[in-house]
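Enquirer: coordinates only, sequence not included:
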């Protein structure tokens, strides 16, 4: 699965790094609204399911004194969201937007990966400036 995704990223011209041990690919996203790292993780569980997660990560950590406020804001953003969710790691201050695909009962599809990545990146792009303002004003 990781090879198929890597081949797809090469095909569309996305330079990326591959970590076979972690079953992960990583690349940088550059948009007019900001830049951030993005990772694609491939997980094979004991039930042989093939799950692909796409994680966009805010390029700065959320400060400790802003964690509670940010967590409440993310909870509101997640409230009506049907696909994907924001996550905040209270130990590291990392803020992620996560989307996923499950290929357990369907064949791998470049189109599905593409749609997942577009959704992930567009949602992160929509909120990056707001997150940065919240952090810089704290």
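Expert: Great, that's in hand. All figures in this text were calculated on a predicted structure; none of them were measured in a lab. Numbering: from 1, shown residues only.
Enquirer: Run through who's touching stretch 60-77.
Expert: If you take CB atoms under 8 Å, 6 or more residues apart in numbering as the criterion, stretch 60-77 is touched by 86-88, 90, 92-95, 127, 131-132, 134-135, 138. Just so you know, the C-beta spots here come from the backbone N, C-alpha and C atoms, and that holds for glycine as well.
Enquirer: now do stretch 128-138
Expert: 31, 33-34, 36, 58, 60, 62-63, 65-66, 69-70, 73, 95.
Enquirer: Kindly state the pLDDT recorded for residue 77?
Expert: pLDDT recorded at residue 77 is 96.
Enquirer: least confident pick among the contacts of stretch 128-138?
Expert: Of all those, residue 33 has the smallest pLDDT value, namely 85.
Enquirer: residues contacting that one?
Expert: Residues in contact with residue 33 (CB under 8 Å, 6+ apart) are 125, 126, 128, 129.
Enquirer: So which of those residues belong to helices?
Expert: Applying DSSP state H to the contacts of residue 33, the entries found in helices are 125, 126, 128, 129.
Enquirer: mind checking how far the second one is from residue 31?
Expert: Right, residue 126. 10 Å (CB to CB, to the nearest Å).
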